[in-house]
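Chemist: here is the input, now give the coordinates:
(one chain, ligands or ions: 1)
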Amino acid sequence: MTAAPPSRLAQSRTTDEPWLFLSPHLDDAVLSCGSLIASEAGRRDIEVLTIFTECSPTPHTRAARSFLRQCSVQDAGSLFEERKKEDAAVLEGLGVRFRHLGATDALFRRRRKTIPGSSVLGRTLPELVHRYPTYRFDIALGRVSRGDTGLIEELRDTVAEEIDEQATGLVFCPVGIGRHVDHLITRSVGESSAERTVFYSDFPYNQNQQPDDAFLRSRHLTGWEWSGDLEAKHRRVRQYATQADALFPDGRIPPVPETYYS
Ligand SMILES: [Zn+2]
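Modeler: A predicted model of the protein is given here:
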């Protein structure tokens, strides 16, 4: 960790070049970067692209049903509509542009090709037709399915077009703490912007897990901490009302700085 920001980030902060934040889900960019976004929003064009913003119809896997229970809702469709509204309200409040890219969240993502006979069985055993059947042994294990390769390519093209159009200076993406597959996919999409890429530490997952040391070393990444107005940030985090209780079960948001690697 250094006191001064790593050089690419420091250099960009002296310019007014546009910044692009890649957010896996409808809250991650604000959870991890809300304070830096707030402090830079008046100085440059900022856009937040959120990738996994959709669910799928029933039947859901046990993992998806457990997530819906944690959010105290039954219907995934209305939950995701509500989450998009929360995200729009927070980002509009911050004065930044945003787009919801509409990929399906890992908890609800189905296989494109199905095993013969599985569509009938999938009604009684939804795990058979989902790309990541369980949370613990699939989604949280950090092994991105080969079936997601096409999706990753499409996302890379979308982000490359955006960078071209906007003349983006920096692209922020998660460093992947917690190893959730959607966060790792977003990291891999962000990483393809090469020298523009800045990685952010995934909050609150960084409160009980560490970044992958081998990843940091192989990319020669140095960390930098940013503490802005944490009270303002926490107010924004609480605006994600469908998520706040599940993310912070004891009602307290840890007052920690944001960490960036470049
Ligand atoms: Zn996330």
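Chemist: use CA for all of it now, contacts and neighbours both
Modeler: Fine.
Chemist: and stretch 120-138, what's its mean pLDDT?
Modeler: Computed over stretch 120-138, the mean pLDDT rounds to 88.
Chemist: got the buried residues for that stretch?
Modeler: Judged by neighbour count (16 or more other CA atoms under 10 Å), stretch 120-138 contains these buried residues: 122, 125-135, 138.
Chemist: also stretch 69-84?
Modeler: Cys71, Ala76, Leu79, Phe80, Arg83, Lys84.
Chemist: mind checking the end-to-end distance for it?
Modeler: Terminal residues of stretch 69-84 lie 19 Å apart, using CA to CA, to the nearest Å.
Chemist: still on that earlier bit, among the buried residues of stretch 69-84, which lie within helices?
Modeler: Ala76, Leu79, Phe80, Arg83, Lys84 (DSSP state H).
Chemist: export the residues you listed to CSV and tack on distance to Gly176?
Modeler: Shown next, in CSV, are those (distance: CA to CA, whole Å):
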residue, distance to Gly176
Ala76, 25
Leu79, 25
Phe80, 23
Arg83, 22
Lys84, 22
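Chemist: need the residues that contact the host helix or strand of Leu9.
Modeler: For Leu9, the element it lies in under DSSP states H and E is helix 7-13. Residues from elsewhere that reach helix 7-13 (CA atoms under 8 Å, 6 or more residues apart in numbering): Ala4, Gly169, Leu170, Arg196, Val198, Ser262.
Chemist: go again using 10 Å as the cut-off
Modeler: 4-5, 18-19, 40, 43-44, 169-170, 195-198, 222, 224, 260-262 (CA atoms under 10 Å, 6 or more residues apart in numbering).
Chemist: which element follows it toward the C-terminus?
Modeler: Following helix 7-13 toward the C-terminus (DSSP H and E): strand 19-23.
Chemist: tell me how far the next helix or strand after that next one lies from the chain's centre.
Modeler: As assigned by DSSP H and E, the chain's next helix or strand after strand 19-23 is helix 28-40. Centroid separation for helix 28-40 versus its chain: 12 Å, with CA atoms, centre = their mean, to the nearest Å.
Chemist: average pLDDT for whichever helix or strand comes after helix 28-40?
Modeler: For helix 28-40, the following helix or strand on the C-terminal side (DSSP H and E) is strand 46-54. Average pLDDT, strand 46-54: 98.
Chemist: quick one: strands adjacent to strand 46-54?
Modeler: As defined by DSSP bridges, the strand partners of strand 46-54 come to strand 19-23 (parallel), strand 97-104 (parallel).
Chemist: please identify the most buried of the ones you listed.
Modeler: strand 19-23 (a mean of 25; mean count of other CA atoms under 10 Å).
Chemist: so Leu155 is in contact with Arg187, correct?
Modeler: No - counting by CA atoms under 10 Å, Leu155 does not reach Arg187; the two are 11.2 Å apart.
Chemist: of these two, which one has the most company?
Modeler: Neighbours were tallied for Leu155 and for Arg187 using other CA atoms under 10 Å; the higher tally belongs to Arg187 (23 against 20).
Chemist: what about that one, which helix or strand?
Modeler: helix 181-191.
Chemist: for the protein, where's the lowest mean pLDDT among helices and strands?
Modeler: Here the helix or strand of the chain ranked lowest by mean pLDDT, DSSP states H and E is helix 118-124, holding a mean of 74.
Chemist: ok, Phe202 to Thr242 distance?
Modeler: I think there's a mix-up here, since residue 202 is Asp and not Phe. Distance, Asp202 to Thr242, by CA to CA: 19 Å.
Chemist: I should have written Asp212 there, sorry.
Modeler: Applying CA to CA to Asp212 and Thr242 gives a distance of 29 Å.
Chemist: among those two, which residue is more densely surrounded?
Modeler: For Asp212 versus Thr242, the count of surrounding residues by other CA under 10 Å is larger for Thr242: 18 against 13.
Chemist: all set now, cheers.
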